[in-house]
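Q: Return atomic coordinates for the entry below.
(one chain, ligands or ions: 3)
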Amino acid sequence: MPFNKEPPHQHGTVAKSAIVLVNLGTPDAPTRPAVRRYLKQFLLDPRVVEIPRAVWKLILYLAILPFRSGQSARKYATIWRRDGSPLKVYTERQATALQAMLVQRGHHDVEVAMAMRYGVPALPDVLDELKARGAERIVVLPAYPQYSGTTTASIWDAVFDHYKKVRNIPELRLVKHYHDHEGYIEALAHSVETYWDAHGRGDKLVMSFHGVPKRTLLLGDPYHCECHRTARLLAARLRLAPDQYMVTFQSRFGKAEWLQPYTAPTVQQLARAGVKRIDVMCPGFTSDCLETLEEINMEVRHDFESNGGQDYHYIPCLNDNPSWIVGMAEIAEQHLIGWPTMLTPAQREAQRRDAETAREHAIKMGA
Ligand SMILES: C=CC1=C(C)c2cc3[nH]c(cc4nc(cc5[nH]c(cc1n2)c(C)c5CCC(=O)O)C(CCC(=O)O)=C4C)c(C)c3C=C
Ligand SMILES: [Fe+2]
Ligand SMILES: [Fe+2]
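A: Ligands and ions are numbered 1, 2, ... in the order given. Model prediction:
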């Protein structure tokens, strides 16, 4: 396989560090063609659906894309913002705020970018742009606190696939998870406490995570355990007794069994059992998106209310909450360790001048 041609090697270049915050991706518009394009790329990823390719392609092209594209487009239309898809808007804001927070913490010399696994800005393009701007060290930070083969590993596949074609590969650090990181748990706790201060608190806190097929758990995917660990740590931090919270899994896709208990039937049962008020949060989603704003805040709310529940509260995701930006900076710092990120602009300028002198010298010497 041919490898891409690199620009001529320059002596004395100054290497920069970068962080790329990678989220799942989202359609470009809440329309049928845009959602179809997005679903096709997403659902063709073998990490996401582990069915033999030929069989799956038949099902996808004949049964899923023709129906789901329109259905999902209608759902996206209910949450779409003037500035675009919530997932993208919040991920962009997080990247901008993380950049500013890192500078505030003394890391003047690290660039933060945002990318999507599916759709745009496409991860390979962002990796290329960072490299073109001199990034020789890159931290890949998935927007998923809990590791899953279906999400985190898929980002890694995209990184590895991209660099398979590249001759001069930057130094890489891939963040696997931060489901139990203090900065993440603290940000979650802060968002719940802030919500409770403003709206009072419910009889139960439901922590709803995105589901995955149960088969992946049986095959050794740690996702289920990491969700439960997050929930235990958050409950401990909020001083919740075991009967004051529960863990559920949402967004089931297809007919196979997924991780249980499922969110919607659980909430219906709670309403039927006479629980009057529940607070629902989605700790596994760092940004609000279709699955939280439409499924949890609209569909599941309706399930609760139509089964006799009185008071349904959805606690928003971390989004660009200042405490989460601090948490992200702490996570990023752990993975930047040892890399020179604290150069001030003046120091970087001095380095650049040194590099120029080295380059001129190398040219004189015929190197
Ligand atoms: C088909 C199987 C799916 C698996 C496995 C899966 C895992 C998974 N997904 C997220 C996070 C998100 N998923 C989102 C949307 C979404 N997810 C699936 C399917 C699977 N997800 C579909 C088909 C869709 C598209 C919407 C729809 O048609 O229902 C989103 C929201 C994207 C947005 O644009 O707002 C997120 C975020 C995780 C964390 C995960 C496994 C742990
Ligand atoms: Fe999903
Ligand atoms: Fe488990």
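Q: Tell me which residue is most central in this protein.
A: Residue closest to the average C-alpha location in the chain (Cα atoms, centre = their mean): Ala143, at 2.1 Å.
Q: That one contacts Val22, correct?
A: Yes: look at Ala143 against Val22 with Cβ atoms under 8 Å: they come within range, at 6.4 Å. C-beta coordinates here come from the backbone N, C-alpha and C atoms, glycine included.
Q: for the helix or strand hosting Met328, which positions count as buried?
A: In this assignment (DSSP states H and E), Met328 forms part of helix 322-336. The neighbour-count check on helix 322-336 (16 or more other Cβ atoms under 10 Å) flags 323-333, 335-336 as buried.
Q: Could you do stretch 43-52 as well?
A: Neighbour counts over stretch 43-52 (16+ other Cβ under 10 Å) mark Leu43, Arg47, Val48, Val49 as buried.
Q: Quick check: the two most widely separated of these?
A: Greatest spatial distance among these (Cβ to Cβ): Leu43 and Arg47, at 10.8 Å.
Q: ok, Tyr118 - contacts?
A: Tyr118 is in contact with Leu24, Gly25, Tyr38, Gln41, Phe42, Asp45, counting by Cβ atoms under 8 Å, 6 or more residues apart in numbering.
Q: For Arg359, see how far away the residue nearest to it when sequence neighbours are not counted is.
A: Of all residues not flanking Tyr118 in the chain, Gly25 sits nearest, at 3.4 Å (Cβ to Cβ, 6 or more residues apart in numbering). Note on Gly25: its distance to Arg359, by Cβ to Cβ, to the nearest Å, is 40 Å.
Q: Close to ligand 3: what parts of this structure are there?
A: For the chain, the contact set with ligand 3 under Cβ under 5 Å from the ion comprises His224, Cys225.
Q: now the helices for the chain?
A: 32-43, 53-59, 65-79, 86-104, 123-132, 152-163, 182-199, 214-218, 223-237, 263-272, 301-305, 322-336, 345-364 (DSSP state H).
Q: will you turn the ones you listed into a markdown table that also has mean pLDDT?
A: Shown next, in a markdown table, are these (pLDDT from 0 to 100):
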| stretch | mean pLDDT |
| --- | --- |
| helix 32-43 | 98 |
| helix 53-59 | 98 |
| helix 65-79 | 98 |
| helix 86-104 | 98 |
| helix 123-132 | 97 |
| helix 152-163 | 98 |
| helix 182-199 | 98 |
| helix 214-218 | 98 |
| helix 223-237 | 98 |
| helix 263-272 | 98 |
| helix 301-305 | 98 |
| helix 322-336 | 98 |
| helix 345-364 | 83 |
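Q: Thanks again, I'm all set now.
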